[in-house]
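Student: Coordinates only, no sequence provided:
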């Protein structure tokens, strides 16, 4: 009942509240991004995999140089970096593509703010599993073949802005453990669990725990 009806209502009400309450933070973030480096406000990122395997465009504030994701995969000077990226569960501890302001907004998850648009559009939820890149999901399942059943479970629901893995170590958690956490969330999804994750999220954002 909660998953089918009430979760969407909470998503809509929560998103409207967050957009209004934190609007000064959003405006200030936009200003500092424009002052820090040339380029658009929003990041030009590849599509992500959402509910039932459907691809969607995730909105994020730009925290990197322009065209960062394409350059990582195609520019010869980033060849070694891309190899590290894949070996590190699609995360980099030292990423030269990140701007000065980008380091701060990523540490405190301010780059995730525009995903509230995705929630309003019904592509995401406030709380849910991580939304993966198509190539990331494919390559990580090859690396961790035992995770395939868990991936199928995770893709049965909408991805979230925050979730169980985000409040359990964020980027310090490798793919196999991350997908297990997300599958556990899907299995035990409830209003109480969502509220617990939502209440933990501000502390993680302020502390920057596990952020890279």
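Tutor: Structure's in. What do you need? All of these numbers come straight from a predicted model, not from anything done at the bench.
Student: For the rest of this, base every contact and every neighbour count on C-alpha atoms.
Tutor: Fine.
Student: Relative to residue 190, how far out is residue 85?
Tutor: Applying CA to CA, to the nearest Å, the value for residue 85 to residue 190 is 34 Å.
Student: which residues touch stretch 184-193?
Tutor: Outside stretch 184-193, the residues within contact range by CA atoms under 8 Å, 6 or more residues apart in numbering are 2, 3, 7, 128, 129, 153, 154, 157, 164.
Student: out of those, who has the most neighbours?
Tutor: When neighbours are counted by other CA atoms under 10 Å, residue 129 leads those with 31 neighbours.
Student: any idea which helix or strand carries it?
Tutor: Remark: residue 129 resides in no helix or strand, with elements defined by DSSP states H and E.
Student: circling back to that earlier point, tell me the one of the contacts of stretch 184-193 nearest residue 91?
Tutor: Nearest to residue 91 among these is residue 129, at 16.7 Å by CA to CA.
Student: who's in contact with that closest one?
Tutor: Counting by CA under 8 Å, 6+ apart, the residues that residue 129 touches are 154, 157-160, 162-165, 182-183, 185-186.
Student: Which ones among those residues map onto strands?
Tutor: Mapping these onto strands (DSSP state E) picks out 160, 162.
Student: could you flag which of the contacts of residue 129 are buried?
Tutor: For the contacts of residue 129, a burial check counting by 16 or more other CA atoms under 10 Å picks out 154, 157-160, 162-165, 182-183, 185-186.
Student: Hmm, which of these is lowest in pLDDT?
Tutor: Note: of the buried ones among the contacts of residue 129, the lowest pLDDT belongs to residue 165, at 87.
Student: per-residue pLDDT, the residue located most distally from the centre of the chain?
Tutor: Using CA atoms, centre = their mean, the residue of the chain lying farthest from its centre is residue 76. It sits 26.8 Å away. Residue 76 is assigned a predicted lDDT (pLDDT) of 84.
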